[in-house]
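Engineer: need a structure here:
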Amino acid sequence: MKILAIGLNAFREAIRDQVLLNLLFFALALMVGAGVLSTLTVGERTKIIVDLSLAAMNIVGALMAIFLGTSLVSKEIDRRTIYNILSKPVRRYEFLLGKFLGLAITLWINTALMALMSAAVFPLMGEPLPAGLWLPVGMIYLELLVVVAGSIFFSTFTTATLSVVFAVAAYVMGHLSGPLIQVVKASTGATHALGLALYYLLPNFDNFNYKPYALRPQAVPDGMVAASLTYGALYIAFVLGLAILIFQRREFK
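Structural biologist: Residues are numbered from 1 along each chain as shown. Okay, the predicted model is just below:
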C-alpha cells in the first residue's frame with residue numbers, strides 16, 4: 001500500500017510538471033507530418049504515417065521518461081523533503097518502487113493518448129488503420145519503462161543534471177547496439193573488453209523495435225514477443241535492484 005501511495009503521489013507530481021505539454025509537441029509533429037503526407041501518393045501514406053507516429057511517440061516518450069525519471073528522486077533530495085519521507089515508516093526500496101510505479105502510470109496514459117492520436121490520423125488521411133499498430137506501441141511502452149528504470153538508477157547517486165546526461169547517453173547507445181557490437185568485434189585488448197561490457201550492461205533497444213511489423217503483424221517470428229517481454233522485465237528488475245542497493249547505502253547530509 002505504501003508503494004501504491006507513493007506511486008499515486010509521483011503520478012500527481014508528473015501531471016503538475018506539465019506532462020501534457022509533451023502531448024502538444026506530439027500533436028504538432030503529427031499535424032506537420034500530415035501536411036507533408038497530403039502531397040504524397042496514396043500507397044506511401046500508410047507506411048509513412050506509421051513510421052512518423054511511432055518515431056514521434058518513441059522520442060517524446062523517452063524525453064519525458066528521462067526528465068521525469070531523473071527529477072522525481074533528485075527533487076526530493078534537493079528540496080530536502082527526502083528527510084521527511086524517510087523519517088516516516090517508509091523503506092527506501094518502497095520509495096524508489098513507488099516513484100517507478102507513478103512514472104509507469106504516467107507513461108501508460110501518455111503512450112495511450114499518443115497512440116489514439118496516431119490512430120485518428122489514418123481516417124483523416126483516408127487510410128485504413130493498420131491492425132498491427134498496437135504491438136509496436138506496446139513495445140515502445142516497455143522500452144520507456146526501461147528508460148525510466150535507468151533514469152531512476154542514475155538519480156540515486158549523482159546530481160539531476162548528470163543523471164540526465166547519463167540517461168540520454170544510455171538511451172542513444174542503447175539504440176546503437178548493432179554498430180557497437182561490430183566495433184567491439186573489430187577491436188582488441190582493453191577496448192574490446194570495455195566495449196563488450198558496455199554492450200551487455202546497456203539496454204539493447206533493438207529488442208523492442210517492432211516498427212517493421214506494424215504493417216505485417218503476421219511476420220513476427222514465433223517467440224519473439226515473449227523474448228522481448230522477458231528481456232524487458234529482467235532488465236528493469238536488474239536496474240531497479242541496483243538502484244535500491246545504492247540508495248540503501250546513501251547518506252543524506
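Engineer: for the rest of this, base every contact and every neighbour count on C-alpha atoms.
Structural biologist: Fine.
Engineer: so what pLDDT did Tyr200 get?
Structural biologist: On the pLDDT scale, Tyr200 is placed at 75.
Engineer: who's in contact with Met139?
Structural biologist: Neighbour list for Met139: Phe208, Asn209, Tyr210 [criterion: CA atoms under 8 Å, 6 or more residues apart in numbering].
Engineer: can you tell me which of those are in helices?
Structural biologist: Residues of the contacts of Met139 located in helices (DSSP state H): none.
Engineer: could you dump these into TSV with distance to Tyr231 added?
Structural biologist: Below are the contacts of Met139 laid out as TSV (distance: CA to CA, whole Å):
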residue	distance to Tyr231
Phe208	9
Asn209	13
Tyr210	14
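Engineer: do I have it right that Pro203 meets Gly174?
Structural biologist: Yes - between Pro203 and Gly174 a contact is recorded at 5.1 Å, counting by CA atoms under 8 Å.
Engineer: which parts of the chain are helices?
Structural biologist: Using DSSP H, helices in the chain cover 2-16, 20-37, 42-78, 81-87, 92-124, 134-155, 160-174, 177-186, 189-201, 224-249.
Engineer: which of these sits closest to Ala214?
Structural biologist: Ala214 lies closest, by CA to CA, to one member of the helices of the chain: helix 134-155, at 6.5 Å.
Engineer: most neighbours per residue, which of the helices of the chain?
Structural biologist: Greatest average neighbour count among those goes to helix 134-155 (a mean of 25), per mean count of other CA atoms under 10 Å.
Engineer: what is the rounded mean pLDDT of that helix?
Structural biologist: Helix 134-155 comes out at a mean pLDDT of 94.
Engineer: tell me how far it lies from the chain's centre.
Structural biologist: Relative to its chain's centre, helix 134-155 lies at 3 Å (CA atoms, centre = their mean, to the nearest Å).
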